[in-house]
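[1] Please work out how this folds:
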Amino acid sequence: MKTYAKNMVCLWYDGKAEEAARFYADTFPDSFVSAVHRAPGDYPSGKQGDVLTVEFTVMGIPCIGLNGGPAFTHDEAFSFQVTTNDQAETDRYWQAIVGNGGQESACGWCKDKWGVSWQITPIALIEAITDADADAAKRAFDAMMEMCKIDIAAINAAHRG
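    Got it, this is the predicted structure:
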C-alpha cells in the first residue's frame, strides 16, 4: 500500500499541472514528479483520460497539482519561499522562473508562467533585515524595497551603511 503525506500543498491549474510539476522538478533540488493520474471519467474541465492530478515534490515539500480548470487562479496569498546562499543561486532561480514566461515583482517576488508566486530570498537578506541593529536592518530593508530581484551586494552595502 502506498504511503501518503499527511499534509500536501494542493495547487490548482488550468490543464497545465504536469507541465508545471516537471518544470519545478527540473529547476529545484530535491524536487521530482512521483505520479500522474488520469481522470477515470469526464469532469467539468476535462475528459476521461486527461491528466487530473500530478503528485510532485518541490524542494522536499509534497504537492499535488489539480487540473481543475479556469475557475480559480493563483495569487500572492500563497508563495514558495526559496532561500539562496549566494547571488549565483539567486540569479539562477530567478532567471529560471522569470525567463520561462514568468513575471518579476517586488522585493524578491516573482510569478511563474502558471501564476504561482515565488520568493527568491537570499539568506543574506534575511540576516540583514532581522539584524538586532535596528538602523542597519532598516537600511537593508529600504534597499530591498527598491528591488525586484535581490542584489546581495547592494543589500550588504546598505546594511553596512
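[2] So which residues of the protein form helices?
    Listed in chain order, the helices of the chain (DSSP state H) span 17-27, 87-98, 123-129, 134-145, 152-160.
[3] and the first one, what does it pack onto?
    Read that as helix 17-27. In terms of contacts (3 or more Cβ pairs under 8 Å, 6 or more residues apart in numbering; DSSP states H and E), helix 17-27 is packed against strand 9-13, strand 32-38, strand 51-58, strand 61-67, helix 87-98. For the C-beta atoms, the positions are set from N, CA and C on the backbone; glycine is no exception.
[4] okay if I get the ones you listed as a markdown table plus distance to residue 1 and mean pLDDT?
    Formatted as a markdown table, those follow (distance: least, Cβ to Cβ, whole Å; pLDDT from 0 to 100):
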| stretch | distance to residue 1 | mean pLDDT |
| --- | --- | --- |
| strand 9-13 | 22 | 98 |
| strand 32-38 | 14 | 98 |
| strand 51-58 | 15 | 98 |
| strand 61-67 | 17 | 98 |
| helix 87-98 | 36 | 98 |
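[5] Among the ones you listed, show me which one is buried the most.
    With neighbours taken as mean count of other Cβ atoms under 10 Å, the helices and strands packed on helix 17-27 reach their highest mean count in strand 51-58, at a mean of 22.
[6] Residues contacting that strand, please?
    9, 15, 17-18, 21, 24-25, 28, 30-39, 43, 46, 62-67, 80 (Cβ atoms under 8 Å, 6 or more residues apart in numbering).
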